[in-house]
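J.: Could you work out the structure for the sequence below:
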Amino acid sequence: MKRDRCEPNQDSRGSLRRKLRRWPVLIVVLGPCASFMVAQNTNQDSLSRQVQKLTEALANTQAQLELSQRELDEMQKQLKALQQQMAQNSSADAAPTSPVSNSYAAAAQDQTTDLQAAVQDIRDRQAMQESQIATQEQTKIESESKYPVKITGFVLMSGFINTRAVDQAATPTLALRGPGSTGASIRQTVLGFDARGPHLFGANSYADLRVDLDGRSQSTAGTSTYSGLYTSNATLLRLRTAHAGLQWKHTDAYFSLDHPIFNPDTPTSLTAIAEPALAWSGNVWTWNPQIGVRQEVPMSSSRAIELEAALIDVGDAPLSPPIATIGAPTGTSPSSAEQSRWPGVEGHLALVGAGLDAENRNHFGLGGYFAPHHAPIGEGFDAWAGTLDAQFLLPAHLKVTGSAYRGLALGGLGGGAFKDVEYRTDPATGNYYIYPLDDVGGWAQLKGKINERVELNGAFGIDDAFASEVRRYSAAAGTLYQNLSISRTYTGNVIYRPSAYLLFSLEYRHLESSPVLNPSAESNVIGLGAGFKF
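T.: Numbers count the residues shown, from 1 in each chain. Modelled structure (predicted):
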């Protein structure tokens, strides 16, 4: 009996079963291959995107390189043009030129020199700022008050040649009779501290202090402990000036150790630091304790009136009567001004240029001073002075500065030929006779700035204690100081600043000292100075 074709036979069923059993194996084998193919397609898409991004970055870089190349080509063109112009200028300098061309060339050279100096100064300041920034990362010096304190200083080496004898070889102010001297000193080095404090009553508080190494050696120093020119048993450190006060916009209230307020300026010198230039020759400079108030009254945008008044404790002159205070204990005796039990007073009125620092403004001032004194033997006298001072800025970078005074007993301020009074002793009774000396003097200076690095200064000063009064108490066996009547100083110097912190100077001084009983003594002083500011 035949089977229907549509009905599967037994063999076909077995073949189908075998084929169905193979599908899982194929799925197991082909599944990873399919996954790999899908992943490969995905990686190819990501790689294409990365290639596209790299292509775009490369195009941008190529564009920037092309722009830089164009800029370099332009700079090369400008450099070639500048070289051609310099070559033309060189050929023009070689050929005959007119005075006008020469003047233009000289002006251009001056401008170039000034520009180079300005660029060097900017570089110095930049180096300083970089150093300050680096310092901020280091351990800082901290004051107990936590307010900022700045340390400043001026290390000065001064060399000198004195053709004749002087009172102090390194810092001469008076000519003597005798042979000269040559040497060097570093004792005019100055150290300073500047501080800023809290606000009080709407004002800024401040303080500063200056010391130097020009203190006098102890007279008891022995040779057994000598350790060099500047010995360990010498009193080298000396207080120079100090200030502290409150500062408002137009008002200052202060106390200080400084020169008198009626002599606000001082001559410029790099070799006369321990005692300022023209000291005892018209420059009343001595540092005395003062307490005062300064008020600025603006009149316009360019002018102001400055009013200042102060109390002053004036020290005795170097040449004072050697009379011990009656009943005083051992130690430092009070000065003749302190024995009067009244402080001295001083005032200053000036018309000034407003909004500028004192070094770069015109001013004209009037001053006055009065201080009672009481001599140890019971006699009293009053010291007084009237003063003028001025500073005028002139064309061609010139500046004239000066001061003048007329008064009585000004030795404690740096005048009066080193003395407030003349005196003598009665051989019969031992009593002292004291006579306060009239005095007149002043100084003037002309300053010229060649450029930012070089300046020239010329100055003259005179202090004249009246010869008729000095002669009345002069003595043939007396010292030059006691018989001195007139002290004159002529000086000139050039100061070179290769940077803001290095200074070099060559200075000439002529000292002329005139006593009443002997011919005048003269000495020429040549000084060299090299200083470093920090």
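J.: just for the stretch 101-250 of the chain, where's the confidence low?
T.: 101-116, 128-142, 217-234 (pLDDT under 70).
J.: cutoff 50 now
T.: For the stretch 101-250 of the chain, the stretches with pLDDT under 50 are 101, 104, 139, 219-224.
J.: hey, where'd the strands end up in it?
T.: Here the stretch 101-250 of the chain has its strands, by DSSP state E, counting those that start in this stretch, at 149-166, 175-185, 190-200, 203-212, 238-247.
J.: Same question for the stretch 351-500 of the chain.
T.: Using DSSP E, counting those that start in this stretch, strands in the stretch 351-500 of the chain cover 363-374, 380-394, 398-408, 421-425, 432-436, 438-449, 454-465, 484-499.
J.: Return the alpha-carbon coordinates of the third one using CSV.
T.: Okay, so that is strand 398-408. Presented in CSV, the C-alpha positions along strand 398-408 are these (Å, rounded to 0.1, in the frame of the first residue of the first chain):
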residue,chain,number,x,y,z
LEU,A,398,67.3,123.8,37.3
LYS,A,399,66.3,124.4,40.9
VAL,A,400,67.4,127.1,43.4
THR,A,401,67.1,126.4,47.1
GLY,A,402,68.2,128.4,50.1
SER,A,403,67.7,129.8,53.6
ALA,A,404,68.8,132.8,55.7
TYR,A,405,68.6,133.8,59.3
ARG,A,406,69.4,136.6,61.7
GLY,A,407,69.3,135.9,65.5
LEU,A,408,70.9,135.6,68.9
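J.: Okay, now the sheet partners of it, with direction.
T.: Paired neighbours of strand 398-408 in the sheet (DSSP bridges): strand 380-394 (antiparallel), strand 438-449 (antiparallel).
J.: What of the fifth one?
T.: When sheet partners are counted by DSSP bridges, strand 432-436 sits next to strand 421-425 (antiparallel).
J.: Using CSV, write out every CA atom in the partner strand.
T.: The C-alpha coordinates for strand 421-425 follow below in CSV (Å, rounded to 0.1, in the frame of the first residue of the first chain):
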residue,chain,number,x,y,z
VAL,A,421,77.7,132.8,74.1
GLU,A,422,81.1,134.1,74.7
TYR,A,423,82.5,133.9,78.3
ARG,A,424,85.5,134.6,80.4
THR,A,425,86.6,134.1,84.0
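J.: can you give me the helices in this structure?
T.: 10-94, 99-136, 336-339, 467-472, 480-483 (DSSP state H).
J.: What is the last one packed up against?
T.: It refers to helix 480-483. Secondary-structure packing of helix 480-483 (3 or more CB pairs under 8 Å, 6 or more residues apart in numbering; DSSP states H and E): strand 502-515. The way it works is simple: take the backbone N, C-alpha and C, and place the C-beta from them, glycine included.
J.: tell me what the strand it packs on is packed against?
T.: Looks like strand 502-515 contacts strand 175-185, helix 480-483, strand 484-499, strand 521-533 (3+ CB pairs under 8 Å, 6+ apart).
J.: just so I know, which of these lies nearest residue 446?
T.: strand 484-499 (9.5 Å; CB to CB).
J.: The closest one - contacts with which helices or strands?
T.: Counting by 3+ CB pairs under 8 Å, 6+ apart, strand 484-499 packs on helix 99-136, strand 454-465, helix 467-472, strand 502-515.
J.: Spit out the contact partners of the residue nearest to residue 156 when sequence neighbours are not counted.
T.: Nearest residue to residue 156, sequence neighbours excluded (CB to CB, 6 or more residues apart in numbering): residue 531, at 4.4 Å. Residue 531 makes contacts with 154-157, 270, 502-505, as judged by CB atoms under 8 Å, 6 or more residues apart in numbering.
J.: Return a PyMOL selection command for the buried portion of those residues.
T.: Buried residues within the contacts of residue 531, by 16 or more other CB atoms under 10 Å, are selected in PyMOL with:
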select buried, resi 154+156+270+503+505
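J.: what two of the contacts of residue 531 have the greatest distance between them?
T.: Most distant of the contacts of residue 531, by CB to CB, are 155 and 505, 14.1 Å apart.
J.: Which positions in stretch 502-515 come out as buried?
T.: Using 16+ other CB under 10 Å as the test for burial, stretch 502-515 gives 503, 505, 507, 509-515.
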